[in-house]
Structure formats: C-alpha cells, structure tokens
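Visitor: Any chance you can model this:
(2 chains)
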Amino acid sequence: MLSLNNLEIEAIELSIKVALNSVLFTLPLGLIAAWILARKRFYGYALFNGIVHLPLVLPPVVVGFFLLTLLGRNGPIGNILKNVFDITLVFSWQGAAIASAVMSFPLMVRAIKISIESIDLKLEDAARTLGASPIKIFYSISLPLIFPGIISGVLLSFARSLGEFGATITFVSNIPGETNTLPLSIYSFIQTPGGEADALRLVTFSIIIAMIALVSSEYLTSKAKKNFEG
Amino acid sequence: MLKVSIKHEFASLSIDIQFEAEQNCITALFGKSGSGKTSILNMISGLVKPDYGYIEINNTIILDTNNNIFTSPQKRNIGYIFQDSRLFPHLNVLSNLKYGMSAVNLNHPIIQIDKVINTLELENLLNRKPSNLSGGEKQRVAIGRALLTCPRILLMDEPLASIDAQMRAEIFPFIEGLQNEFKITILYVSHSIEEVIRLADKMLLISGGQKQAEGRVEDIMSRTDLYPFTGRFDAGSVISATVTGFDKHFELLSLSFEGGVLLVNGPKLDDGRKVRTHIRARDVSLSLNMPPKNSILNIFKGKIIEINSNSTPQVDIKIDIGIPLIARITRKSCDDMNLKIGTRVFTMVKAVAINRRNIGA
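Guide: Numbering: from 1, shown residues only, chains lettered A, B, ... in the order given. A predicted model of the protein is given here:
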C-alpha cells in the first residue's frame, strides 16, 4: 500500500512544489497587503480590500478564466512575459503555483491582518521613546508579535494550495508531470474506469500531507506562544 | 532645563500650558484624571504633535511649530515610564533593559547597566519574561529600561497607579533613589497628593488642560485657595524638617523645623536627615489658652494669618507658627472662640503623617 509508484511520487512532489512556491509568493505580498489593510486608511480602501478578498468569494473557475485571459500567451501580461522574459505560464507548474497563490492569497492576508490588528500600538510607542527607528520596531517588536499569525497564514495558504483544483485546471489544464497535482490526479483516476483504487491511494497521501502540515503548524504556534510566557 | 509651551485642541479638552522644569529636580504635574496631564507628557515625548508649541530641553529645541521643527520621538532622547509599564512580552527582562541602549547618544553621561540592575534590584529577574513579573517588578524594569537610554529627562506617568498599595510601598524607595543615584530631571504625573508630597520638589497644579499654580510643594500645599485642586480631604501644610533625635523608649522622633520641634512616632532615622511631613488640616486643632496637661504632644504658639470660610460648615485657618500651619475646625468653634486674623492661638497637632524623603542625605 505504501510503496509508491513513479506516477504517485511525481504527483506528490509536484503538489508540494506547487504549494511551497505558492506560499513563497503569497507570504511577502500577503504581509504587505495585511499591513496596509490593518494600519492604513486611504481613498479606495474598500476597493483594495474587495480586490484582495475577491478570490475567496469568486468561483475558482472564474479566477482561472481571468488568469488565462491575463497571463495566457495572448493575454496582455502573458504576452509581455513571453516576448520579453521568454516565460510561459500556461500548461506549466509555475502557472499552477500562480493559480494556487491567487486563490490562497486572501487566507494569508486575513490570518496576518488579524494578528497585526492585535498588536498593542502602545508597545510600538514605547519602542519609539526608547530610540527605535520604524524599521527596528518592525523587526524587533511587530514581526515577533505577529509570528503566530504568520504561521497560521502559511498553513492556511499551503493547505489551500494543496487542494487547489478549479483555477488550476482552467488556467494550466491537466498535463501529466507538469500540472497534474494530487487533486487533478485524483480527478483523472476517478474519470478512468477502474481507477478508484488508485484514487483512494492518492486520497490517503493527501490526508497524510495535510495532517503533517497541521501538526507542525500547531507545534510552531505553541512554541511561539511559549516564547511570550517562558 | 525643560521649557514647554503648548496649545492643543482635543475633542473633549483643550490644552494651553506653559511651564519650566529645573535640572536634576523632580517636578510633579498634579491634577485630576482627565485634566490633560498624560497628554502633556505625550506631547513632550513627541508621541502626540500639538497644534502649536515650543519645547526645549537643555537648550536644544525639539519642537517649534512656528518654524516647522518637530524632532521625532525616537530622536528626542526622553525616557518615558508609562502607567502600564509596556514591557515587550516576547523579550526577557535583560533584553527589555537593553532595548534602548543601542540608540544611546555618547554625549550624555553614561548610565551603567550594572548600576541600574543593582539600584533597582533586578538581578534575579533578568531571565524572566514580563508575564511572570508582578506589577511592581514590571515598573522597576520599565524604569531601568528608560534609564539605560541615558535620557535628558525622565517622564513618569502615574507609575504607581496600577500597582497595589503594598507594592507601591516597595517601589517608592526606588523612585526616591533615582534622583540621588542618577542625577536626572524627572517630570512626574500623579493624581495622588501623597505621592507628590513624598517625591516632588516642585509641583504644577493642572486643571482643564491649564496650569492653576506652580511652586515648591510646601508653598502650594499651604495655600488654602488651591484646595479645590489639591483636594480638600487631605489638605494640609507640608513641612520640611531635620531629624534631631530619637527616643528609643517611646519610639519618638524629634523633627526640628522653623516653628519648633515636632515629635512623631516613627522608625529611627539618622540625625541630620532631611524629611518632609504632611500635617493634614483635619489633624490640627486650636485653643485660645495654653491647654492643661493632655494627650497631645505637639503644641505650637502662633498667630492667625488667614481664615478661609467659604460657606462650608468647616473653616480652614492658617496659623503662622514660624511657618504656615493649617487647621480645619467647625464654623461653630470658630464663632464661639471669636477667631480673627491676628488672634494668638495654641495650635495642637494630633497625629502626623510623616513622609520620609531623603534629600541627598
């Protein structure tokens, strides 16, 4: 049962690669967006907030369609990427990572935004009177205090990426070895007569990976919390 | 020397105040909650920018709205002790203490970390996290953290307000000691007159965002017209005295002051030590004749110099016994005794609340 065949290894590796890259992409951008949403008030705030949260409420297929329109070979951005940088996102695992990143972005932003909002601003004031520059305050006070929020954002985003289906299949299709992540492979097996047993094996692996991610994030969060009590 | 002149409109309060605080001196800002004391500290520290203002510390201008000068808080080198201590929860005590040290300007006399740890007795706390400290311990760490930035002035915003009475008694000596140990200028905000009497050299009365009076604590406290601000219940004169003896048998301290010698129960203090006592008006009574033998130890001859009756059933009477002393008696007694300005009376001090304060002893 647990000896993996090449196809399965490929799907698992691909899924993890796509999810990790998606998190790498959403983490810095999500931190910036969360900071802006938590701390700044400006003209167009509601619009910005809406755009950030859109992937959460739109059907994934619609997001995939938008990505295809924008980033496809003939799309306005895809065209530039292809002609200037020679990068093609459609039908590639990078495209799958982009689709996952867009879909999981709001989850990352929400988790971090809540933790930024819970920082006591008085602590930052105290740091200012102690001579700390805004940059020092960010890395020495704010960042450590929102660390639990960042962990849960990473977990949510990673889990969402592992499970991404609709936007991925719409944007980058289901190419063996390139874009057939776990959910897409499971879908293929189910569509194939007699593929249920194979599908079940992949489902098991999905559960194992998800559990590992969940447990390690719980561990990191409790460790971070201990840091405040120690 | 700190010079402050600020104007600012808050939704519920407008602040308009000018004052100066002398070098190496504790100046208290005293007033009720909501009188604007904390806002004034926030503007001095730079956390709040006033609508109009001019602030100067030791001849350096840190705020001048007319000339568009605003030094940001992190460049002001002002220590700020908050009511709620505001220690960084993820750092241990030692890291909290060291947080502001990197920004220290070497032009100022350096305050050594070892000395701070010793003076504030922090040795055993260094590895602890703030969540494991008591309120008093937190404030000691906060004081140490601010001191280690070698501030040009230390702002203290009701540092004892959120601490229970027993802890407060423990932390008092540390604050009293700051002045002697570190020779630092302190601006101390409080709504407790006892704290002000015990700690401050000078005081400013603040009400409704404005200065009502300023001067030596002794002078302000002996002004009956300021009782609406200093608080009627605890009103009374504050006397500076020197310890001149101790009777072991009765545990009585002799305190010499300009009006004579005051005997009070208390622990032994060294002769020559400067102390300050607060004699509440309600603990002082008057007699027209030398009273026959009675239980009261402290009787001073004096002359009435002020009668402040308002329209209350009680009358505050100021008697000159070498220094002004205030007695609160009923209006009936005042009429029965036919007390007038110039009347010679015997002033009896029943109980004395003694506030020890070490003035460079």
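Visitor: near chain A, which residues of the stretch 51-200 of chain B?
Guide: Taking Cβ under 8 Å from any Cβ of the partner chain as the criterion, the stretch 51-200 of chain B approaches chain A at residues B:72-80, B:82, B:84, B:86, B:88-90, B:92, B:99-100, B:102-104, B:129, B:131-132, B:145-146, B:149. C-beta here means a position set from N, CA and C on the backbone, and glycine is covered the same way.
Visitor: Show me just the buried residues among the residues you listed.
Guide: Among these, those scoring as buried are B:73-74, B:76-80, B:82, B:84, B:86, B:88-90, B:92, B:99-100, B:103-104, B:129, B:145-146, B:149 (criterion: 16 or more other Cβ atoms under 10 Å in any protein chain shown).
Visitor: What are the structural domain limits within chain B?
Guide: B:2-221, B:236-355 (automatic domain parsing).
Visitor: Can you tell me which of the ones you listed is most buried?
Guide: Ranked by mean neighbour count, these are led by domain B:2-221 with a mean of 19 (mean count of other Cβ atoms under 10 Å in any protein chain shown).
Visitor: Quick check: mean pLDDT of it?
Guide: The pLDDT scores in domain B:2-221 average 89.
Visitor: Centre of the chain to that domain, how far?
Guide: Relative to its chain's centre, domain B:2-221 lies at 13 Å (Cα atoms, centre = their mean, to the nearest Å).
Visitor: Which residue, other than its chain neighbours, is closest to B:Val284?
Guide: Nearest residue to B:Val284, sequence neighbours excluded (Cβ to Cβ, 6 or more residues apart in numbering or on different chains): B:Ala327, at 3.9 Å.
Visitor: Just the element for that neighbour, please.
Guide: strand B:324-330 (DSSP states H and E).
Visitor: What of B:Glu137?
Guide: Applying DSSP H and E, one finds B:Glu137 within helix B:135-147.
Visitor: which helices and strands sit right next to the following helix or strand past that helix?
Guide: For helix B:135-147, the following helix or strand on the C-terminal side (DSSP H and E) is strand B:153-157. Under the contact criterion of 3 or more Cβ pairs under 8 Å, 6 or more residues apart in numbering or on different chains; DSSP states H and E, strand B:153-157 touches helix B:37-45, strand B:78-81, strand B:186-190.
Visitor: Who are the packing partners of the last one?
Guide: Spelled out, it's strand B:186-190. strand B:26-30, helix B:37-45, strand B:153-157, helix B:193-199.
Visitor: Please apply the same query to the first one.
Guide: Using 3+ Cβ pairs under 8 Å, 6+ apart, the elements in contact with helix B:37-45 are strand B:2-9, strand B:14-21, strand B:26-30, strand B:52-57, strand B:78-81, strand B:153-157, strand B:186-190.
Visitor: can you give me the angle that helix makes with strand B:153-157?
Guide: 150 degrees (axes from the mean of the first three to the mean of the last three Cα atoms, to 10 degrees).
Visitor: related to what we said a few turns ago, now the residue nearest to B:Val284: how far from B:Lys350?
Guide: 10 Å (Cβ to Cβ, to the nearest Å).
Visitor: who touches both of the two?
Guide: B:Val284, B:Ser285 (Cβ atoms under 8 Å, 6 or more residues apart in numbering or on different chains).
Visitor: who does the helix or strand hosting A:Ala101 touch, helix- and strand-wise?
Guide: Assigned by DSSP H and E, A:Ala101 belongs to helix A:93-117. Packing partners of helix A:93-117 (3+ Cβ pairs under 8 Å, 6+ apart): helix A:6-39, helix A:45-57, helix A:60-71, helix A:143-162, helix A:166-172.
Visitor: Flag the helix or strand of chain A with the lowest per-element mean pLDDT.
Guide: When the helices and strands of chain A are compared on mean pLDDT, DSSP states H and E, helix A:76-80 comes out lowest with a mean of 82.
Visitor: ok now that helix, how far from the chain's centre?
Guide: 23 Å.
Visitor: Same question for stretch A:100-119.
Guide: With Cα atoms, centre = their mean, you get 10 Å for stretch A:100-119.
Visitor: Spell out the residue ranges of the helices in the stretch 101-250 of chain B.
Guide: With DSSP state H, counting those that start in this stretch as the criterion, the stretch 101-250 of chain B has helices at B:113-119, B:135-147, B:165-182, B:193-199, B:217-221, B:227-230.
Visitor: Let's have the ones you listed in JSON lines, adding distance to A:Asn74.
Guide: Converted to JSON lines, the helices of the stretch 101-250 of chain B look like this (distance: least, Cβ to Cβ, whole Å):
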{"stretch": "helix B:113-119", "distance to A:Asn74": "66"}
{"stretch": "helix B:135-147", "distance to A:Asn74": "61"}
{"stretch": "helix B:165-182", "distance to A:Asn74": "73"}
{"stretch": "helix B:193-199", "distance to A:Asn74": "76"}
{"stretch": "helix B:217-221", "distance to A:Asn74": "82"}
{"stretch": "helix B:227-230", "distance to A:Asn74": "79"}
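Visitor: out of those, nearest to B:Glu22?
Guide: helix B:165-182 (12.1 Å; Cβ to Cβ).
Visitor: Report the angle between that closest one and helix B:135-147.
Guide: Using the same axes, to 10 degrees, helix B:165-182 lies at 20 degrees relative to helix B:135-147.
Visitor: Report all helices and strands that helix B:165-182 contacts.
Guide: Short answer (3+ Cβ pairs under 8 Å, 6+ apart): helix B:165-182 packs on helix B:113-119, helix B:135-147, helix B:193-199.
Visitor: closest one to A:Met211 among the ones you listed?
Guide: helix B:135-147 (41.0 Å).
Visitor: The helix holding A:Ala101: which residues count as buried?
Guide: A:93-113, A:115-116.
Visitor: picking up where we left off before, ok, which of the helices of the stretch 101-250 of chain B comes nearest B:Ser309?
Guide: helix B:227-230 (12.3 Å).
Visitor: can you list the residues that contact the closest one?
Guide: B:Phe30, B:Gly31, B:Ile193, B:Leu205, B:Ser207, B:Gln212, B:Ala213, B:Ile220, B:Met221, B:Ala235, B:Asn308, B:Asp316.
Visitor: Does anything pack onto the least confident helix or strand of chain A? Which helices or strands?
Guide: Using 3+ Cβ pairs under 8 Å, 6+ apart, helix A:76-80 is in contact with helix A:60-71.
Visitor: now the helix it packs on and helix A:45-57, what's the angle there?
Guide: Going by the same axes, to 10 degrees, helix A:60-71 makes 120 degrees with helix A:45-57.
Visitor: Check which element follows the helix or strand encompassing B:His278 along the chain.
Guide: Assigned by DSSP H and E, B:His278 belongs to strand B:274-280. Counting by DSSP H and E, the element after strand B:274-280 in chain order, helix or strand, is strand B:284-287.
Visitor: Compute the distance between the spatially most central residue of chain B and chain A, please.
Guide: Centroid-nearest residue in chain B: B:Val196, 2.1 Å away (criterion: Cα atoms, centre = their mean). Note on B:Val196: its distance to chain A, by Cβ to the nearest Cβ, to the nearest Å, is 23 Å.
Visitor: Skip the chain neighbours and tell me the closest residue to that residue.
Guide: That would be B:Ala28: by Cβ to Cβ, 6+ apart, it lies 4.3 Å from B:Val196.
Visitor: ok, how many other residues are close to A:Leu70?
Guide: 14 (other Cβ atoms under 10 Å in any protein chain shown).
Visitor: Pull the contacting residues for it.
Guide: Neighbours of A:Leu70 in contact, by Cβ under 8 Å, 6+ apart: A:Pro76, A:Ile77, A:Gly78.
Visitor: distance of the last one from A:Gly72?
Guide: This points to A:Gly78. Counting by Cβ to Cβ - A:Gly78 and A:Gly72 are separated by 5 Å.
Visitor: which residues sit in contact with the closest residue to A:Ser115 other than its chain neighbours?
Guide: Once flanking residues are discounted, A:Ser115 sits nearest to A:Gly149: 2.5 Å by Cβ to Cβ, 6+ apart. Going by Cβ under 8 Å, 6+ apart, A:Gly149 touches A:Ala111, A:Ile112, A:Ile114, A:Ser115, A:Ile116, A:Ser118.
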